[in-house]
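K.L.:
Below are the sequence and a predicted model for it; my questions follow.
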Amino acid sequence: MLSDFALFLKQAVLQPKQTSSLVPSSRALALAMASHVGPLTGPVVEFGPGTGKITQAILDRGVAPADLTLYEMNPVFAEQLHRHFAGVTIHTAPAQDAANRMAPTVGAVISGLPLLSMPRLLRRDIIAAAFRIMRPDGIFVQFTYGANSPLTPEGQAILGLRVEKAQKVWGNLPPAQVYLMRRANV
């Protein structure tokens, strides 16, 4: 069986547009992303869990497996996630399909998707889908490797969101910036 790193590298080579990195998220980044959820968050959704490093950090924060739903398009990653995370709901489907599968009861969406490498409208569709499944006080947590927010000021205005920088994770290769998105009127 391949290690997480070897599996991630193989998938990055085979499907570079879906991974946008040659290495999986570090433990430091996983901890930073998961620090925004806990046992009282309620249902949590993860977009693009890959090999599950952030997934494990979410569970370690006290989110019950029954309260965690993953959206992973890569069937190889989805199969590995099924083997490692009993009790977690896993959809081998794109993130933007979440609104067709879930009620708006989610407390947080944690995203490991490479949003900055996606077309602007697809990026906006994914973020909009996240907010369609979240409660009014829900939070969207995203990291990027670039200096820019995952959502332009125009996109923020169109979707009625506000974006703020959270942790800068230097212990990741490359260093990553965590962003938090919330509804502007909450």
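P.N.:
Arrived safely, thanks for sending.
K.L.:
and the longest helix along the chain, what does it pack onto?
P.N.:
Using DSSP state H to define each element, the chain has its longest helix at helix 120-133. Secondary-structure packing of helix 120-133 (3 or more C-beta pairs under 8 Å, 6 or more residues apart in numbering; DSSP states H and E): strand 44-47, helix 98-101, strand 106-111, strand 134-144, helix 153-159. Where you see a C-beta, it was placed from the backbone N, CA and C, and this is true even at glycine.
K.L.:
Relative to residue 121, which of those is closest?
P.N.:
Of all the helices and strands packed on helix 120-133, it is helix 153-159 that lies closest to residue 121, at 9.3 Å by C-beta to C-beta.
K.L.:
buried stuff in the longest helix of the chain?
P.N.:
Using 16 or more other C-beta atoms under 10 Å as the test for burial, helix 120-133 gives 123-131, 133.
K.L.:
Return the two entries of those that lie farthest from one another.
P.N.:
Checking the buried residues of helix 120-133 with C-beta to C-beta, the most distant pair is 123 and 133, at 16.8 Å.
K.L.:
for the protein, what are the low-confidence residue spans?
P.N.:
Residues of the chain that meet the criterion pLDDT under 70 lie in 1-24.
K.L.:
hang on, the earlier thing: identify whichever of the helices and strands packed on helix 120-133 lies nearest to residue 88.
P.N.:
strand 44-47 (9.0 Å).
K.L.:
can you give me the angle the very next helix or strand once past the closest one makes with strand 134-144?
P.N.:
Next in sequence after strand 44-47, counting helices and strands by DSSP states H and E, comes helix 53-60. Helix 53-60 runs at 130 degrees relative to strand 134-144, counting by axes from the mean of the first three to the mean of the last three C-alpha atoms, to 10 degrees.
K.L.:
Give me the helices and strands touching helix 53-60, please.
P.N.:
In this structure, helix 53-60 packs against helix 27-34, strand 44-47, strand 68-71, with contacts taken as 3+ C-beta pairs under 8 Å, 6+ apart.
K.L.:
right, so these: which one is the most enclosed?
P.N.:
For the helices and strands packed on helix 53-60, the largest average neighbour count (mean count of other C-beta atoms under 10 Å) is found in strand 44-47, namely a mean of 28.
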